[in-house]
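Colleague: Below are the sequence and a predicted model for it; my questions follow.
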Amino acid sequence: MTTVDETSPTPSDPGTPEGSTRTRRPVEMNGINVITEDERHGRPAGLFWPWCASNISVLAVSYGAFVLGFGIGLWQAIAATVVGAVVSFLLVGLVSIAGKRGSAPTLTLSRAAFGRYGNTLPCLVSYALLVGWETVLVALSTLATATVFERLGWAHGNQTKVIAFVVVALIIVAAGIMGFDLIMRLQKYLTIALIIVTAVYIGLTVDHIHPSTLNDIPHGPTSAVIGAAVLVMTGFGVGWVNTAADYSRYLPRKASTFGVVWWPTFGGSLPVVLLVIYGIMLAGSDKALNAAIGSDPIGALTTILPTWFLLPFAIVAVLGLVSGAVMDIYSSGLTLLTLGLPVQRWMAAAIDGVLMVIGATYIVFYATSDFVTIFEAFLIILGVPMAAWCGVFLADVLMRRRDYDEPSLFSGSGVYGRFRLSAVLFMVLGTAVGWGLVIDTTGAGKHLGWLGYFLDGFTIDVGNYHRTWFDLGGTGGNWAYANLGVPIALAIGFVGYLVFGFLGVRRQERALRRSAESSSEFAGV
């Protein structure tokens with residue numbers, strides 16, 4: 001296998017020569033290398049399109065039923081949705097700052113905090129999460145198409161599933177291989193198309209909303225509201241934090257930092273807020289629909305549609321899921337390169353595509369419904385270590401005053417070192433504490449009963465002294481479904497690394513400053 005230099009686009013493609021006009025190649029040649037100055041282009045507003053397109057999904061409408069499943073009232077559900085969506089995509093926007101400052105993929109820049117080889121831990125978690133979700137999205141796209149075609153009377157056994165599966169997989173893999181420019185253009189057109197068809201869907205189903213029924217929904221406890229907000233956080237923005245800089249790395253270094261934060265936050269949270277709230281109103285108005293969404297999140301939404309709109313609905317359902325999967329496969333390819341696989345970027349995306357096809361084939365044609373539920377629970381649980389990583393990464397971005405040192409991102413002998421204990425330690429600690437405060441909310445995970453080990457609190461029983469601290473009611477209590485482990489893991493990663501990693505970052509910054517001063521003095525001789 002040919003060895004690929006991480007610091008350059010490819011061995012045979014050295015990039016656009018300095019001073020030349022930027023040309024658009026059919027296949028992106030950049031990998032995890034730092035994007036050269038002459039290739040940086042665009043405006044922060046361009047980040048609106050990928051984040052909006054990847055979150056305009058009818059699956060977001062189904063989340064309305066999931067939010068109400070916490071036993072909360074209408075206005076509580078709306079508040080939880082708004083807070084969960086905005087906060088989670090604000091994290092995406094903040095991580096995007098690193099892409100503008102470092103002009104490299106998210107997990108490559110993570111080496112500054114974790115070290116060249118310590119960064120393997122977040123890379124492995126991120127890779128499993130990305131490939132897992134792209135696999136689930138392909139499977140859901142296929143199953144959604146089969147459901148609609150069956151209702152239209154066009155389904156013929158597995159034939160429909162096979163055709164839908166092949167078409168969806170080819171689109172996703174092709175986009176992942178072609179790379180950044182195609183994905184950004186594709187997401188813009190998908191956003192426009194999805195907005196139009198989704199608006200029609202709302203127009204056709206709005207008469208199923210009954211305000212009097214919604215107002216009669218009883219309010220729930222604070223713990224349930226927090227749980228619903230965390231569900232929205234983990235289901236949407238938190239699942240994207242490990243990819244954010246991948247899409248901002250082509251921006252010029254002088255691009256507005258506020259814009260880099262604002263447009264992913266706005267683009268990602270806007271469709272989520274609108275669609276989840278609409279789903280809350282639909283599910284809250286119809287108990288039968290609410291129950292049906294639990295077993296078939298997308299198919300249930302077709303039961304309130306006229307037959308003539310089923311085909312456009314299938315298209316919008318599939319395209320919304322495909323949009324998210326395209327971003328997943330692109331970022332998973334970059335993560336695979338960051339792990340050290342010595343291939344070109346398009347080959348890494350193709351490898352991910354093969355894994356995605358194998359996994360989705362099993363889910364669609366062989367797995368039981370229990371397996372799908374357990375697999376989704378496993379992916380959600382990975383959101384805890386990803387939240388802990390996000391905390392560490394954001395603290396690192398906050399503390400740095402200088403641009404990233406390019407050579408050190410690709411060498412263990414640079415200022416970022418091989419392994420930074422503080423970053424790894426607080427990611428592991430945040431994960432350990434976080435898993436102790438979450439449970440498998442699906443109830444189907446036969447091997448996930450070990451979660452939630454801190455929900456019973458800490459008991460001291462010495463002689464006549466007996467006291468329990470931080471008792472949250474155990475795995476059957478109100479707080480069990482609040483998924484507190486996600487924000488707690490993020491907070492531990494952020495605060496822990498901010499306190500214990502501060503001196504290390506300052507040493508790195510001083511070393512880079514001395515190196516720059518030495519280079520200036522040498523150049524002046």
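Modeller: Sure, I can see it.
Colleague: and the helix or strand hosting A377, average pLDDT?
Modeller: Element membership for A377, per DSSP states H and E: helix 369-381. Mean per-residue pLDDT for helix 369-381: 65.
Colleague: Toward the C-terminus, what is the element adjacent to that helix?
Modeller: Taking DSSP H and E, what comes next after helix 369-381 is helix 383-399.
Colleague: same for that following helix, what does it pack against?
Modeller: helix 74-102, helix 111-114, helix 120-152, helix 421-435, helix 485-500, helix 502-524 (3 or more CB pairs under 8 Å, 6 or more residues apart in numbering; DSSP states H and E). Every residue, glycine included, has its C-beta placed from N, CA and C.
Colleague: Phi first, then psi, for the nearest residue to V424 once chain neighbours are set aside.
Modeller: Excluding the flanking residues, the one nearest V424 by CB to CB, 6 or more residues apart in numbering is G118, at 5.0 Å. G118 adopts backbone torsions of phi -60, psi -20, taken as degrees, to the nearest 10.
Colleague: looking at this structure, which helix or strand does the model trust least?
Modeller: Counting by mean pLDDT, DSSP states H and E, the weakest-scoring helix or strand in the chain turns out to be helix 369-381, with a mean of 65.
Colleague: Three-state assignment for I460, please.
Modeller: strand (DSSP: H, G, I helix; E, B strand; the rest coil).
Colleague: Next, count neighbours for the residue lying closest to it once chain neighbours are set aside.
Modeller: With sequence-adjacent residues excluded and distances taken as CB to CB, 6+ apart, I460 is closest to R467, at 5.5 Å. Residues near R467, counting by other CB atoms under 10 Å, number 11.
Colleague: So for the helix or strand hosting I202, what gets flagged as buried?
Modeller: Using DSSP H and E, I202 falls within helix 180-205. Across helix 180-205, burial judged by 16 or more other CB atoms under 10 Å covers 180, 182-184, 186-188, 190-191, 193-194, 197-198, 201, 205.
Colleague: what's the model's confidence in that helix, averaged?
Modeller: Across helix 180-205, the per-residue pLDDT values average to 89.
Colleague: next helix or strand past it?
Modeller: helix 211-215.
Colleague: what does that following helix contact?
Modeller: Helix 211-215 is touched from outside by L74, M281, G284, S285, with contacts defined as CB atoms under 8 Å, 6 or more residues apart in numbering.
Colleague: what about the closest residue to the last one other than its chain neighbours, distance to G383?
Modeller: If the residues on either side of it in the chain are set aside, S285 comes closest to H210, at 4.3 Å by CB to CB, 6+ apart. H210 sits 34 Å away from G383, going by CB to CB, to the nearest Å.
Colleague: helices or strands next to the helix holding I202 in the packing?
Modeller: helix 48-53, helix 159-178, helix 257-285, helix 310-338.
Colleague: The last one: which residues count as buried?
Modeller: The one in question is helix 310-338. Those would be 310, 313-314, 316-338, for helix 310-338 by 16+ other CB under 10 Å.
Colleague: That one - contacts with which helices or strands?
Modeller: Right, helix 310-338 is packed against helix 58-68, helix 106-109, helix 120-152, helix 159-178, helix 180-205, helix 244-248, helix 345-365 by 3+ CB pairs under 8 Å, 6+ apart.
Colleague: for those, which one sits closest to P50?
Modeller: helix 180-205 (4.2 Å; CB to CB).
Colleague: And the closest one, how far out from the chain middle?
Modeller: When distances are taken as CA atoms, centre = their mean, to the nearest Å, helix 180-205 is centred 19 Å away from the chain's centroid.
Colleague: Then stretch 241-260?
Modeller: That offset, for stretch 241-260, works out to 16 Å (CA atoms, centre = their mean).
Colleague: what about the residue nearest to S285, how many residues close to it?
Modeller: Neighbour tally, H210, other CB under 10 Å: 14.
Colleague: Kindly report the same for M233.
Modeller: Neighbours of M233 (other CB under 10 Å): 26.
Colleague: what's the angle between the helix or strand that contains it and helix 58-68?
Modeller: Assessed by DSSP H and E, M233 sits inside helix 222-235. Helix 222-235 and helix 58-68 meet at an angle of 160 degrees, taking axes from the mean of the first three to the mean of the last three CA atoms, to 10 degrees as the criterion.
Colleague: quick one: buried residues of helix 222-235?
Modeller: 223-235.
Colleague: Among the buried residues of helix 180-205, which one lies nearest to A113?
Modeller: Closest to A113, out of all of the buried residues of helix 180-205 and judged by CB to CB, is F180, at 24.3 Å.
Colleague: quick one: contacts for the nearest residue to L398 once chain neighbours are set aside?
Modeller: With sequence-adjacent residues excluded and distances taken as CB to CB, 6+ apart, L398 is closest to L498, at 7.3 Å. By CB under 8 Å, 6+ apart, the contact list for L498 reads A395, L398, M399.
Colleague: do G71 as well
Modeller: P218, G220, A224.
Colleague: sec struct for it, please.
Modeller: Going by three-state DSSP: G71 is coil.
Colleague: how about it, phi and psi?
Modeller: phi 70, psi 40.
Colleague: ok, it to R345 distance?
Modeller: For G71, the distance to R345 - CB to CB - is 46 Å.
Colleague: List the residues that contact I488.
Modeller: Applying CB under 8 Å, 6+ apart, the residues near I488 are G430, V433, G434, L437.
Colleague: how does it look with 10 Å?
Modeller: V230, V384, A387, A388, G391, G430, V433, G434, G436, L437, V438, F454 (CB atoms under 10 Å, 6 or more residues apart in numbering).
Colleague: possible to save the helices and strands packed on helix 310-338 as CSV with distance to P306?
Modeller: Shown next, in CSV, are the helices and strands packed on helix 310-338 (distance: least, CB to CB, whole Å):
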stretch, distance to P306
helix 58-68, 16
helix 106-109, 43
helix 120-152, 11
helix 159-178, 21
helix 180-205, 7
helix 244-248, 37
helix 345-365, 28
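Colleague: Run a quick check on S96 versus V261, I expect a contact.
Modeller: Yes. The pair S96 and V261 qualifies as a contact (CB atoms under 10 Å) at a distance of 6.7 Å.
Colleague: Look at L448 and say how many residues are nearby.
Modeller: 19.
Colleague: The residue nearest to it when sequence neighbours are not counted in helix, strand or coil?
Modeller: Computed as CB to CB, 6+ apart, the closest residue to L448 that is not its neighbour in sequence is D440, at 4.0 Å. Under three-state DSSP, D440 falls in the coil class.
Colleague: Wait, L437 touches G473, no?
Modeller: No. If you go by CB under 10 Å, L437 and G473 don't touch, sitting 11.8 Å apart.
Colleague: Between those two, which contacts overlap?
Modeller: L455, W479, A480.
Colleague: how many other residues sit next to the nearest residue to T338 once chain neighbours are set aside?
Modeller: Nearest non-adjacent residue to T338, counting by CB to CB, 6+ apart: L107, 4.5 Å away. Close neighbours of L107, defined as other CB under 10 Å, add up to 29.
Colleague: and L107, what does it touch?
Modeller: Neighbours of L107 in contact, by CB under 10 Å, 6+ apart: 32, 114, 119-120, 122-123, 125-127, 242-243, 245-246, 331, 334-339, 389, 393.
Colleague: next one: S256
Modeller: R43, P44, A45, K100, W262, W263.
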